[in-house]
Each structure stands twice: as C-alpha cells, then as structure tokens.
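> following is a predicted model, sequence given first.
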Amino acid sequence: MRKLKNILVTGGAGFIGSNFIHYLFGLSSANGNLFNDADFSGNVVNVDCLTYAGNLESLKDVEEKFGGKRYFFEKVDICNRPEIERILKQYDIDTIIHFAAESHVDRSILGPETFIKTNVMGTFTLLDAARSFWKKPDGTFRDDVLFHHISTDEVYGSLGETGYFTETTPYDPRSPYSSSKASSDHIAMAYFHTYGLPLTLSNCTNNYGPYQFPEKLLPLMISNIRDGKPLPVYGKGDNIRDWIYVEDHNRAVWLIVNKGRTGQKYNIGGENEWQNIKLLHKVIELSAEKLGKPASEIEKTITYVKDRPGHDKRYAIDCTKIKTELGWQRKMTFEEGLNATVDWYLKNTEWVNHILSGEYTKWIDANYKSR
Ligand code: NAD
Ligand code: TYD
C-alpha cells in the first residue's frame, strides 16, 4: 500500500471528481454512505478552473466540514504551468489524480479547440510539472509519488455487436473528445517509459450518479422528464453504452492509486450494457412512479433527432485485469444505482437549475436552437 498524504485532484468540481472527493472524505453520495471504504486521513487540494461543467455547490458539505483543514480549493487552469508549480510546492503534493478534462462528445464536435488545450496541453503541463517537482538530484523520482491519469474507454473506438475492449486493444478514437483523451493517454505513458515518472492510468466506461452535468444522457433525460420537455434520442437509439455507478469507478481509482503497478493501465467497467432507448424506457418508468405521472404520457415526449456525427455504436469493457490483480468488484447494483440517481436529480432541482442557468444556457441556445 502506498502512503498518500497530499493529494492533488484536478477537476474536482466536476461530476466524477466531486464524487471522488466525497468518497475520500467518507461523505455520502446519492445513496448514503454505502461504500465508505476509502480510509484516507491526508489532505486534498482541488484544482479546477470552473468551466461551465465545474460547480462548487457539489462540494458544499466537503467545504463546510474540511475546508481550510484537510480540503483546499484552487481556482487554477491546468494549462497554467507557474500556478501548477506553485501548488505542487505549496502543498507538497505526493499524488496527482487527474480528472480535469473537457468531457462532452457533442461539444467536442462543435468546438474541438478547448479539448485539445485542456485534455492534451493541460495533461502535458501537469505531467511535466510533476516530473520537475518529484525528481531527486540524482535524476530518479521520490519513491512516495504517483500520477494517476483518468481516461475513457472511448479511446478504443467503437465495437460491433460482440467483443470487449481489453487493456491491449489498439487505440482507435473517433471523436475530437476521444482523440484528445487518447493523445493524453499516450503522453502520460510516454512519461512513464521515457522518464520513469511513477504513473498509472485507467480507462472507464460511462459513469452515472449524482452531480453529473445535465447535458449527458441520464441527467439530461431525468431533468427533461421533470420539466415535461422533449427527450432527444440520437439516431435510432440503438447505440450501446456500459454503465457504471460513479462511486464504483472511484473505488477502482482509489485501489489503483493505492496498490496498482506503475506503468500499467487498468480498464474499469460496469458489465452493464444498455441500448440507449431501452435505458430511456427504464428511466421513464422510474421517473413516472416518483412523479406520479403516467409513463405513457412521458413516453410521448421521446423525440428522435439527427444522429451524432461519427456516433460510436457500442462500448463494452473487459475488466478482468483490475478484478484479478487488485480484487476490485463493482458493488452497486444497476437497479439500486439508477433508482438513487433518478431520485437525486428529481430532488436536487436547485442544483440542476443553478448549473443550467449560466454560460451553458447561452451555449445551448446558440447551438441547439431547435431543442
Ligand atoms: P466533467 O465535465 O463533469 O468535469 C470536468 C471538470 O474539469 C470540471 O469541473 C471543469 O471545470 C474542470 N476543468 C475543465 N477544464 C479545466 C482546465 N483547463 N483546468 C482546470 N480544470 C478544468 O467531467 P467528468 O464526467 O467528471 O469526467 C472526469 C474525467 O473522467 C475526465 O477526464 C473524463 O474524460 C473521464 N471519464 C469520464 C467518464 C464519464 O462517463 N463521465 C467516463 C470515463 C472517463
Ligand atoms: P453521453 O452521455 O453524451 O455519453 P458518451 O457519448 O460519452 O457515451 O451519451 C450517451 C449515449 O446517449 C450516446 O450514445 C449518445 C446518446 N445521447 C442521446 O441519444 N441523446 C442525448 O441527448 C445525449 C446527450 C446522448
């Protein structure tokens, strides 16, 4: 087990990062303190520049309980090298867990530049700053340090009806988002092979759970159901995604950071494939019950819209490696996780309305007038 004292979490105000910080501090997620097994007693520095997707309201409880004691927030862009260097030094960071990214495929199609800046240049900046900060005078690295790079299964491309992505599947990214993440994965691995930077990497499937920006499939659909708005299904709705509860992803990340072998990548998946349209029917059924509306009324709001260009057909992960090597096991059942998630978005209307009220609305108005 590594001894982790001062962790720098990038993108901690986003969906997965904010859930990760909750998990580290043993605070509840949508479904209570079910998996409160992080057992961490060190400090967390959250570096986030608060794009449209970053929201400090997601960390209110963390700030109240641990702010200025074990939790520190720095509003900094990961591309800002002098600021990253200052933070590494000021907090004596020994572990970097790198979540920050531009993360939405549709946005990457409309405006790829920020994806290249943040995902490629930002990752490079962090890696290179860590390399300088953690190097000892003899050119080797401190033995208590680790850089963990968070990535996606989308770097592997698209599957047909059968097969799974393994850690050795060749990269074949199709969207500006996935290609920017693939680039960052390669740069991260290059820092391990070339410079010996202690590094691990994980590629995960689609996450669901609380605090996800309501432009992604599940929170968008739940919010639109609540508001009686159309439910936009791309193409025929037959694309397939593998869904994992966010805390199961974060538990896997924590295991890798504590026990993973450096220079290794680990696939993380939910082993839970759903066709988009079937998943939507399920969400409608759950929401109808909770809202006291007939599901048949909500079903009428399903609207088939133009397909996403280059829409990847199917993602599915083989996560044998992390299971056998690190003993990771998904704990949340989909039934329970989806139910808790639908509940969370229906109840946390203030969080949803606030996050939708800023810059995002201007962007969606400019780009999706028809919705
Ligand atoms: P998100 O969009 O919800 O959050 C991203 C966070 O990064 C935001 O808080 C944003 O403000 C911050 N950020 C963006 N650019 C930044 C910059 N230049 N400097 C500092 N902060 C910046 O994303 P997410 O869904 O939480 O994804 C987190 C990570 O997990 C990403 O690396 C993503 O590629 C990866 N991932 C996501 C999923 C998923 O289903 N959401 C699945 C697999 C992997
Ligand atoms: P998304 O949540 O954007 O994740 P990703 O594209 O990274 O997998 O989309 C999940 C799936 O849902 C994907 O196949 C696209 C589809 N989708 C819709 O049909 N309608 C929507 O409004 C959105 C946002 C996604």
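Now that the structure is in, tell me what you want to look at. Ligands and ions are numbered 1, 2, ... in the order given.
> so the residue nearest to V120 when sequence neighbours are not counted, which of the three states?
Nearest residue to V120, sequence neighbours excluded (CB to CB, 6 or more residues apart in numbering): S183, at 4.8 Å. Yep, even glycine has a C-beta here, placed from its N, CA and C like the rest. Of the three states, S183 takes helix under DSSP: H, G, I helix; E, B strand; the rest coil.
> wait, what's in contact with S183?
By CB atoms under 8 Å, 6 or more residues apart in numbering, the contact set of S183 is 116, 119-120.
> now those residues as CSV including distance to S179 and secondary structure?
Converted to CSV, these look like this (distance: CB to CB, whole Å; DSSP: H, G, I helix; E, B strand; the rest coil):
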residue, distance to S179, secondary structure
I116, 9, helix
N119, 9, helix
V120, 9, helix
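> can you tell me which of the residues you listed lies nearest to ligand 1?
N119 (7.4 Å; CB to the nearest ligand atom).
> burial count for that closest one?
N119 is flanked by 29 other residues according to other CB atoms under 10 Å.
> phi, psi of the residue of the chain at minimum distance from ligand 1?
Using CB to the nearest ligand atom, G14 is the residue of the chain that sits closest to ligand 1, at 1.9 Å. As for G14, its main-chain torsions (degrees, to the nearest 10) stand at phi -90, psi -170.
> which residues are in contact with it?
For G14, the contact set (CB under 8 Å, 6+ apart) comprises 48, 53-55, 99-100, 103, 213.
> roughly how far apart are it and S103?
Separation of G14 from S103 (CB to CB, to the nearest Å): 7 Å.
> just C49 next, same as before
With CB to CB as the criterion, C49 and S103 are 14 Å apart.
> more crowded one of the two?
Taking other CB under 10 Å, C49 and S103 do not tie; S103 has more neighbours (24 against 19).
> quick check: phi and psi at that one.
phi -120, psi 0.
> now do the contacts for E63.
So E63 contacts 56, 71, 73 (CB under 8 Å, 6+ apart).
> SS state for it?
Here E63 is recorded as helix under three-state DSSP.
> how about the residues of the stretch 101-250 of the chain near ligand 1?
101-103, 118, 122, 150, 152, 181, 204, 206-207, 213 (CB under 6 Å from any ligand atom).
> and the residue of the stretch 1-150 of the chain closest to ligand 2?
Residue nearest to ligand 2 within the stretch 1-150 of the chain: V105 (4.3 Å; CB to the nearest ligand atom).
> quick one: that residue from K290, how far?
From V105 to K290 the distance is 29 Å (CB to CB).
> the two: who's more crowded?
It is V105, of V105 and K290, that has more neighbours when counted by other CB under 10 Å, with 20 against 15.
> what sits against that one?
By CB under 8 Å, 6+ apart, V105 lies in contact with 154, 175, 177-178, 308.
> near ligand 2, from these?
R308.
> could you flag which of the contacts of V105 are buried?
Buried members of those, scored by 16 or more other CB atoms under 10 Å, are 154, 175, 177-178.
> now, which of those sits nearest D61?
Closest approach between those and D61, by CB to CB: Y177, at 30.4 Å.
> list the contacts of the closest one.
When contacts are counted by CB under 8 Å, 6+ apart, Y177 is found next to 102-105, 107-108, 115, 119, 154.
> re earlier: overlap in contacts, G14 and S103.
Residues touching both G14 and S103 (CB under 8 Å, 6+ apart): A53.
> quick one: stretch 51-66 near ligand 2?
No. Using CB under 6 Å from any ligand atom, stretch 51-66 stays clear of ligand 2, with a minimum separation of 12.4 Å.
> please report phi then psi for T200.
Dihedral pair for T200: phi -130, psi 160, per degrees, to the nearest 10.
> that one contacts N258, correct?
No. Taking CB atoms under 8 Å as the definition, T200 is not a contact partner of N258, at 10.2 Å.
> and the strands in the stretch 251-371 of the chain?
Here the stretch 251-371 of the chain has its strands, by DSSP state E, counting those that start in this stretch, at 265-268, 273-275, 302-305.
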